[in-house]
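Colleague: how does the following fold in three dimensions:
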Amino acid sequence: MVRKFTALCLTFLCTFSLTAGTAVGSASSSTPEPAAKPNWPPNQELPTFKSPKKLDVADVYDAPGDIKLLFGTLQGIVNRSEPRIYLIENQEEGRFAWLNDLDVPYKVHDDYWNIFAAYKQEVKGIIVYDPQVPDTINVATTLAGLKDAVVASPELALKLSSAPYNLKVLEDLRGKFNSRMKAYTWQFEHLWNQTTHRMLIGLSPDTSIRIPPGMPASFVTIAEEKEQIRDASNRAVYNLDLSGQLGGEHVYLRFDDAFPQDGWGPAVHQVTVKADGQEIAQFVVGTSDEELYLYDRHNSKFLEGHGGHRFADNGSYFVYEFTPPAGTTQLIAEVDMWNQYKVSAGHIRPLSSENKEPYAYLRDYAVANKAMVFWLDSNVPEQQALFEQIMADVEPGTPYLGWFSNDVEGEFSSVEIASRYGVYVLAADWFSNLTVFSGTKPKYAPLKPAAEPKLENKIYVTYVVTEGDNFQYNQHRMRVMWDDPARGQVPINWTSSPLLHEGAPALLNYYRSTATENDYLIAGPSGAGYFYPNPWPDESFAAFLRDTEKYMKRTDMTIPYVLNRIDSENVPLSPQKAAAYEQQYKAPGIFISYEDRYGVEIIGNSLPASTVRGISTAQDGIRVLEEAKAQWDGSEPMFISLGLLAWSMMPSDVVELTDALGDDFVVVRADHYFSLIRQAYGLPKVK
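Modeller: As a prediction, this is how the structure comes out:
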């Protein structure tokens, strides 16, 4: 509540230009020398931008997508020489949270067009994308970086090519391509040799429009599971009466997660709808018949299990649209479903996330660094071939910033392919203002020491927050979790990215300066970047770890959390890869995998590896630890690492979990955890 009040106060104050001392409405464009560009010596993983001196702030949070895209590419051109534009396009952690922590003078402009007018002289023209082929947004972004241009929709291009802007259209991509593959093949053949090969950028060309939170106004809940059921034991065909929503042209049936905090939402296999006893719709999910009625899939997923089912966990949901005949008096949906369902129905057409729009995140960074932007599905053979062709054309140790299509399946297959070519991933497709944060400087507060407990016959537990491979998590969700008043009451290991040292030092400055002795930062998967060790070529792996060890040391993230997958399955580290972690990162121990089990293995008789047992609620953790205690005879210490799902748990949940434990349990930081393991197994202490 304090943060919301602060943000409102800042909005009021900034509107009256308190932070800048000059009138809002006129941006201050001081053009640096044209040759200026980010500093990127060979020994750096990421480029360093100049330090921002003052910032013109455009609040585009509620702006249309093409406006966001326009300003994201403008920001890349302008900030390439010196960071001067800051975009407010996210409010998860508070609109002004990071902006104020930057400690740089800024002006928030009532009209973002004033900012465009002030900096338009640094723009050489316009690249027009084709709305009929969304992937031309990415090709246009690549061209914008090469030609010092902004990307515009056809409508915005008309505005910008007229007075008072009078910008020239440099490229018009309308009608040039008729498919994703043709757009990216042309880009690879004609633009790749002009772009930097020191980074790759993977961005979806568009995103779903923002849907207001909560249930749509006309929707009412008609069925809800009251127990946290995860094993399909409540599977049945449920008769749902939709008659109360008759009267309009359509009726909408929506499925939500009844317990969004734990990720076991509704699973639906088949739907049959009858109007006055006559069947008007019948389908099994995952078929073409389902597509006729699927109005909004909103991040729901389809899996083959149980005969095929669509599920929606956490904040995801899905909506079907049915059209009953005129005069229908009774409408019944027969739904084969299970797990934690919450079903609602309505008669007024809601907004749908199937409607897409462009966005700005990370595009400033792509444009500023003249990187090639693409979006290829590694699970589609034709697209995978081009994806691999690009990967094969860069040196081992090249970063891929952004993300992948097809969600989890896309993540597993794409990270494995990237790893095979020695490319590591920095999830950053929702990172905002990276050209500004890359200009901040490291000023890390010293780590706060904490006394290490004495080794006894106890159950030692350590908590590992997930998602630390993820730059945007560091910027958004981690800040929300970090600001929980319960943080600091119990030891928590926060996975993070050591490459914040170059990409966004201001974020790491904040976390280090506000950390308690119970907050311990460790490296997210799988060290300095997200990769799978086993698929990485042996000949370059040790060298990559050796080159990136300096980031682990400088950020004090000396303990890595490792994910290692082949064919989407967690696999043990090969002896060579395990030895590389021990010798190059000098790790006292590693966390590995995210499983439904826990345990400690000593790899090569010298490296402790603790398997992370994943949990998504405090109740999950209590159950796991109670089961562990029941199997423990108390004759020797036991060690358990719990992986806290970052999207569903907060420090207050961890406090609840810890308070439920008895005297046989001791919760410790990761450094103490591995020190105690080494003592228990008779291994030498790592200095």
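Colleague: all contacts plus neighbour counts: C-alpha atoms, from now on.
Modeller: Noted.
Colleague: worst-scoring helix or strand of this structure, pLDDT-wise?
Modeller: Taking mean pLDDT, DSSP states H and E as the measure, helix 2-15 is the helix or strand of the chain with the lowest mean score, a mean of 33.
Colleague: how far is the helix or strand following that one from where the chain is centred?
Modeller: Next helix or strand after helix 2-15 toward the C-terminus (DSSP states H and E): strand 55-59. Centroid separation between strand 55-59 and its chain, computed with C-alpha atoms, centre = their mean, to the nearest Å, is 24 Å.
Colleague: and the residue lying closest to D484 once chain neighbours are set aside, how many neighbours?
Modeller: Ranked by C-alpha to C-alpha, 6 or more residues apart in numbering and with sequence neighbours excluded, the top spatial neighbour of D484 is P651, at 6.4 Å. Other residues lying near P651 total 23 when counted by other C-alpha atoms under 10 Å.
Colleague: next: the one 5 residues further on.
Modeller: Residue neighbour count, defined by other C-alpha under 10 Å, stands at 16 for E656.
Colleague: check it and give its pLDDT.
Modeller: Looking at E656, its pLDDT reads 97.
Colleague: quick check: phi and psi at it.
Modeller: phi -60, psi -40 (degrees, to the nearest 10).
Colleague: how near is the residue lying closest to it once chain neighbours are set aside to A236?
Modeller: Excluding its sequence neighbours, the residue lying closest to E656 (C-alpha to C-alpha, 6+ apart) is A618, at 6.6 Å. Distance, A618 to A236, using C-alpha to C-alpha, to the nearest Å: 29 Å.
Colleague: tell me which of these two has more neighbours.
Modeller: A618 (23 against 12).
Colleague: give me phi/psi at the more buried one?
Modeller: Dihedral angles (degrees, to the nearest 10) for A618: phi -60, psi -40.
Colleague: that one contacts L657, doesn't it?
Modeller: Yes - counting by C-alpha atoms under 8 Å, L657 is a contact partner of A618 at 5.0 Å.
Colleague: number of nearby residues for K124?
Modeller: Applying other C-alpha under 10 Å, I find that K124 has 16 neighbouring residues.
Colleague: can you pull the contacts of it?
Modeller: 147-149, 167-168 (C-alpha atoms under 8 Å, 6 or more residues apart in numbering).
Colleague: now the farthest one out in this protein, which residue is it?
Modeller: G327 (47.2 Å; C-alpha atoms, centre = their mean).
Colleague: give me the pLDDT for it.
Modeller: Value for G327, per-residue pLDDT: 95.
Colleague: wait, a helix at it?
Modeller: No - assessed with DSSP: H, G, I helix; E, B strand; the rest coil, G327 is coil; it does not lie in a helix.
Colleague: tell me where the stretch 151-300 of the chain has helices.
Modeller: With helices called from DSSP state H, counting those that start in this stretch, the stretch 151-300 of the chain shows them at 154-160, 180-190, 288-291.
Colleague: tell me what the shortest one is packed against?
Modeller: For helix 288-291, the helices and strands in contact under the criterion 3 or more C-alpha pairs under 8 Å, 6 or more residues apart in numbering; DSSP states H and E are strand 278-284.
Colleague: how about the strands in the stretch 351-500 of the chain?
Modeller: Using DSSP state E, counting those that start in this stretch, the strands assigned to the stretch 351-500 of the chain run over residues 356-357, 373-374, 398-402, 423-427, 459-465, 492-496.
Colleague: now these as a markdown table including distance to Q121?
Modeller: Listed next are the strands of the stretch 351-500 of the chain as a markdown table, based on distance: least, C-alpha to C-alpha, whole Å:
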| stretch | distance to Q121 |
| --- | --- |
| strand 356-357 | 27 |
| strand 373-374 | 25 |
| strand 398-402 | 29 |
| strand 423-427 | 33 |
| strand 459-465 | 46 |
| strand 492-496 | 39 |
